Structures are given as structure tokens and as C-alpha cells.
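1. quick one: sequence and predicted model below, then my questions.
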Amino acid sequence: MTRAQGLRSEYDDIWLADGIRTPFADYNTVLGLVSPIDLGIKVAREVFRRTGISPAAIDTVVAGNMAQASFDAYMLPRHIGLYSGVPLEVPAHLVQRVCGTGMEAILQAADSIELGRAALALVVGTESMSRNPVAAYTHRGGFRMGQVEFKDFLWEALLDPCPNVTMGRSAETLAQQFKVSRQDADQFAAQSFDRAVAAQNSCFLSDEIVPVVSEQFEAPGYHPRGIRLAKKVEAFSQDSHVRPSPVEVLAKLPPSFGGVQTAGNSSGIVDGAAATLVSSGHFLREHGRSPLAKVVAGAVVGVPPEVMGIGPVPAIKAVLEAGALRLDQIDRFEINEAFAAQTLACERALQLDHSKVNVNGGAIAIGHPLAATGVRLAITLARELKRSRGRYGISSACIGGGQGIALLVENADAA
């Protein structure tokens with residue numbers, strides 16, 4: 001028997017009830033001091049308010065997070081559940097699949113429902129890139145003269161020591177393989193910004209965003225916690241990385257990795273969180289709720305670490321096979337824009353119609369808060385299918401270390 005490439009999941013009656021996110025804030029700005037736990041609690045509370053579904057109905061909490069950005073990071077999934085009103089006896093666990101973490105959290109929730117272990121799951125992806133620690137791993141036993149070593153976790157984590165290649169350099173390898181020029185990369189980035197500005201101006205993006213304000217979160221019998229924004233900031237209500245960025249301006253930026261990639265045509269470093277409720281069809285029908293999208297299938301596939309950015313290509317092929325669909329049947333794609341060259345390489349390898357890809361802008365413009373991104377992509381994709389009256393969509397991301405992940409959803413109005 002020939003083993004299928006990667007892990008594949010197929011679902012009969014699993015749905016996204018709805019989804020919401022915070023605005024994404026540029027690194028070290030308005031959300032720079034806010035714990036990712038509190039950002040996760042914020043979106044969890046809002047998804048319950050938005051859907052009208054009681055947190056008492058939740059069977060499991062699945063939370064995604066990459067950087068341990070606070071001293072209580074071990075308790076992140078549990079605290080998100082407790083402070084969003086989920087019953088005390090409901091368990092919670094943490095998911096980590098680097099840039100694919102948010103989608104992996106959705107798939108794990110869907111798996112639990114498919115197996116009959118749950119009917120409704122709270123899924124949250126949350127990340128503070130600003131609060132990545134400056135860390136030391138070798139000083140528990142003390143310091144030796146000349147060997148004190150503290151490093152920036154956010155920067156050092158970009159290096160994969162297996163092939164000894166940074167994520168940025170892996171994008172440059174794909175640029176060479178797929179003949180992506182600096183002009184190609186800058187034009188792609190400029191269009192990502194243009195599309196995101198248009199989506200922001202039309203209020204498409206604001207419909208998936210809950211403004212963040214200073215507030216306190218209570219859990220009966222426990223210490224309160226909450227969000228405190230900087231003085232004179234009453235509310236943070238839209239993505240701050242989205243801005244007009246014409247190709248002429250982008251072309252003036254210096255290369256970051258010795259090739260076509262720059263700070264302007266790479267994903268924005270931002271803080272933020274996103275949440276969705278993953279539900280059985282039976283639960284939604286029993287409670288008279290209209291879903292956002294059907295979860296059809298998922299796939300995760302490994303690729304060589306030195307070209308980790310090509311991961312969406314085999315993942316998308318695998319999820320199409322799992323869903324028994326052809327590429328030309330997919331109306332919209334959301335592919336995480338880790339780097340312009342990397343996303344263009346995936347488009348060229350799959351021969352995608354760019355007019356179907358990231359039509360409301362991508363991570364170059366909106367930003368990439370690691371664990372939150374996959375949930376954001378799924379929510380944006382589902383909403384875009386409703387807006388454009390498409391039927392099928394795929395969200396996908398490359399994954400540091402050499403993997404790709406993909407999620408196939410169907411418009412609830414077309415299912």
C-alpha cells in the first residue's frame with residue numbers, strides 16, 4: 001500500500017460558526033505591552049457575543065501561540081477559556097505548528113468533533129511579536145567569564161539550524177528557482193497593500209475586527225486581569241500596518257537577505273489575536289444558528305527545510321485530493337504572504353490565477369502574528385466567499401522547518 005503524502009482530514013458536517021479578530025498592531029506600538037493571553041480572551045469573548053452562543057456550550061478550548069510572551073504563558077489556553085466564561089470543567093490545550101498554528105488549531109477542533117468527543121470548540125490564535133523575550137538558555141548553573149549570552153528570540157528564531165538557513169534566505173532560494181525578480185516582488189507587495197487599503201476603506205476588514213479598549217476581565221472566584229492601552233489611546237480599531245505603499249517607494253528599500261526580499265515586501269511584524277467557533281452541524285441546527293462556512297478538508301505536508309516557503313504547493317494539492325476537487329473549482333485562495341518571492345513561487349508552481357489570491361491583501365500589508373494568522377486567513381476567506389458568492393476556498397501557509405498546511409472550506413450559503 002502506498003502511503004499518502006502528509007496528513008489529510010475529511011469532514012462531513014463540521015462548520016465555522018463565525019469568527020472575529022483584533023486589529024493587527026505594528027510591532028512595539030499600541031498592543032506592544034499587552035499579553036497575548038488578554039488578546040485571546042478579548043476575541044474569545046467577542047465571538048460569543050457576536051454569535052449569541054453561550055460559552056457554557058463549549059466542550060473544548062484549542063488555543064494556538066508560538067512565543068512565550070509572558071511569565072504565565074503555560075496557562076495561556078486555560079486562562080483564555082476561564083476568562084471568556086467557558087465552564088471550569090472544560091479542558092483546554094495549546095497548539096504549535098509555527099506559521100500554520102491557527103489552521104492546525106481549527107483542524108484539531110474539527111477532529112475532536114468528527115470523533116464525537118465534542119460538539120462545539122472555541123479556537124483562538126494569539127501572538128505578541130513585541131513581547132518575544134530576550135533569552136538565555138545556558139545560564140541556569142551560573143555565568144562564566146566572557147560567556148554571558150542573551151539573544152533576541154524573535155530574531156534568532158528565523159534561523160533553521162538544520163540546513164543552516166534563515167527563513168528569509170529560503171525565500172531567496174525560491175526567488176532564484178522560480179525567477180522572481182526584485183521588481184516582481186515589489187509589484188506583488190504594492191498590490192497587497194493596495195488591496196488591503198481598498199478592503200479597509202470599504203469596511204470589509206472592519207467587519208471581522210473588534211476594537212481593542214482598556215478593560216478588565218473577570219472570572220468568578222479568581223483574580224481579575226485585562227488590557228491596558230497606553231495613555232491617551234481610547235481604542236485601537238483598525239490594522240496599523242495597512243498603508244499606501246507604491247512600488248516606487250518599495251523599490252528604494254535595501255535588500256534584507258542579499259536578494260529580492262526587503263522589509264517592504266516581507267510580512268509585517270505585528271501583534272494580534274483571532275477566534276472562531278468550530279461546531280458540529282447538529283449543534284448549529286439544534287440551536288438555529290446560521291454558519292459562516294463548512295470545513296471540508298485539511299492537509300499538512302512536509303517539504304525540504306531549505307525551501308520551507310514552497311509548503312503551500314503540496315498542501316494545496318493534498319487538500320484538493322482529500323476534498324475530491326480540482327484546482328479550477330476553487331474560487332478564492334488565502335496564502336500567507338510570509339515573503340513576496342515565496343508566495344509568488346507558490347502561485348507559479350500551481351499556475352494560480354492571481355485575481356483569486358489574497359484579494360483583500362495579505363500578510364505583507366496586514367501583518368503576520370504567527371499563531372493568529374491561520375485563524376485570520378480562515379475567517380477572511382469564509383467572509384470573502386460570502387461577499388463574492390463563491391463556493392470553495394483554500395487557505396494555506398508555509399511553515400518554518402519545512403511544512404505546508406491547507407484548509408478547504410465551502411461557502412455556507414452554497415453548501
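-> Noted; the coordinates are in hand. Because the structure is predicted, anything quoted here is derived from the model rather than measured.

2. which strand runs longest in this protein?
-> strand 7-21 (DSSP state E).

3. how far off centre is that strand?
-> Relative to its chain's centre, strand 7-21 lies at 15 Å (CA atoms, centre = their mean, to the nearest Å).

4. stretch 276-295 too?
-> With CA atoms, centre = their mean as the basis, stretch 276-295 stands 21 Å off its chain's centre.

5. ok, stretch 191-205 next?
-> With CA atoms, centre = their mean, you get 18 Å for stretch 191-205.

6. show me which residues of it are buried.
-> Gln191, Ser192, Phe193, Asp194, Arg195, Ala196, Val197, Ala199, Gln200, Phe204, Leu205 (16 or more other CB atoms under 10 Å). C-beta: built from backbone N, CA, C; applies to glycine.

7. would you confirm that the last one contacts Asp239?
-> To tie it back to what came earlier, the one meant is Leu205. Yes. Taking contacts as CB atoms under 8 Å, Leu205 lies within contact range of Asp239: 6.6 Å.

8. common neighbours of the two, please.
-> Ala196, Ile366 (CB atoms under 8 Å, 6 or more residues apart in numbering).

9. the helices in the stretch 301-415 of the chain, which residues?
-> 312-322, 340-350, 363-366, 370-388 (DSSP state H, counting those that start in this stretch).

10. list the helices and strands the second one packs on?
-> Think helix 340-350. Using 3 or more CB pairs under 8 Å, 6 or more residues apart in numbering; DSSP states H and E as the contact test, the elements touching helix 340-350 are helix 167-177, helix 182-201, helix 312-322, strand 332-335, strand 392-399.

11. return the distance of Asn132 relative to Ala67.
-> Per CB to CB, to the nearest Å, Asn132 is found 5 Å from Ala67.

12. which residues do the two both contact?
-> Common contact partners of Asn132 and Ala67 (CB under 8 Å, 6+ apart): Phe153, Leu154.

13. where does pLDDT dip in the protein?
-> Filtered on pLDDT under 70, the chain yields the residue ranges 1-4, 415.

14. centre of it to the edge, which residue is at the far end?
-> Distance to the chain centre peaks in the chain at Met145, reaching 42.2 Å (criterion: CA atoms, centre = their mean).

15. tell me which element that residue falls in.
-> Using DSSP states H and E, Met145 is not contained in any helix or strand.

16. centroid residue for this protein?
-> The structure's the chain has its C-alpha centroid closest to Thr373; by CA atoms, centre = their mean the separation is 1.3 Å.

17. and of the helices of the stretch 301-415 of the chain, who's closest to Gly125?
-> Closest to Gly125 of those is helix 370-388 (CB to CB; 4.1 Å).

18. buried sites along the closest one?
-> 370-385, 387.

19. and if you look at stretch 237-251?
-> Applying a neighbour-count criterion of 16+ other CB under 10 Å, one finds Asp239, Ser240, His241, Val242, Ser245, Val247, Leu250, Ala251 buried in stretch 237-251.

20. ok, of these, which one's closest to Lys232?
-> Nearest to Lys232, judged by CB to CB, of the buried residues of stretch 237-251 is Ser240 at 15.8 Å.

21. my guess is the closest one contacts Asn28. True?
-> No. Between Ser240 and Asn28 no contact is recorded; they are 11.3 Å apart, counting by CB under 8 Å.

22. kindly list the main-chain dihedrals of Asp413?
-> Here is the backbone geometry of Asp413 (degrees, to the nearest 10): phi -80, psi -20.

23. residues in contact with it?
-> By CB under 8 Å, 6+ apart, the residues touching Asp413 are Lys386, Arg389.

24. from Ala110, how far out is it?
-> 20 Å.

25. got the residue ranges for the helices in the stretch 51-200 of the chain?
-> 76-83, 101-114, 153-156, 167-177, 182-201.

26. for the ones you listed, which one sits closest to Pro291?
-> Closest to Pro291 of the helices of the stretch 51-200 of the chain, according to CB to CB: helix 101-114, at 12.9 Å.

27. grab the nearest non-local neighbour of Leu39.
-> Ala273 (3.8 Å; CB to CB, 6 or more residues apart in numbering).

28. the one you found against Val47, yeah?
-> No. Between Ala273 and Val47 there is no contact under CB under 8 Å: 10.7 Å.

29. out of these two, which sits in the more crowded spot?
-> The neighbour count for Ala273 versus Val47, taken as other CB atoms under 10 Å, is higher for Ala273 (37 against 26).

30. what sits against that one?
-> 21-22, 36, 39-40, 42-43, 124-127, 369, 372.

31. kindly export the helix or strand hosting it (C-alpha atoms) in CSV.
-> Element membership for Ala273 (DSSP H and E) is strand 270-280. Taking Å, rounded to 0.1, in the frame of the first residue of the first chain, the C-alpha atoms of strand 270-280 are listed here in CSV:
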residue,chain,number,x,y,z
VAL,A,270,2.5,42.7,14.2
ASP,A,271,0.6,41.8,17.4
GLY,A,272,-2.9,40.4,17.4
ALA,A,273,-5.4,37.6,18.0
ALA,A,274,-8.3,35.8,16.2
ALA,A,275,-11.0,33.4,17.3
THR,A,276,-13.6,31.2,15.8
LEU,A,277,-16.2,28.6,17.0
VAL,A,278,-15.9,25.2,15.3
SER,A,279,-19.1,23.3,15.5
SER,A,280,-20.9,20.2,14.5
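
32. so after that strand, what's the next helix or strand?
-> helix 281-286.

33. helices and strands around that following helix, which ones?
-> So helix 281-286, by 3+ CB pairs under 8 Å, 6+ apart, packs with strand 7-21.
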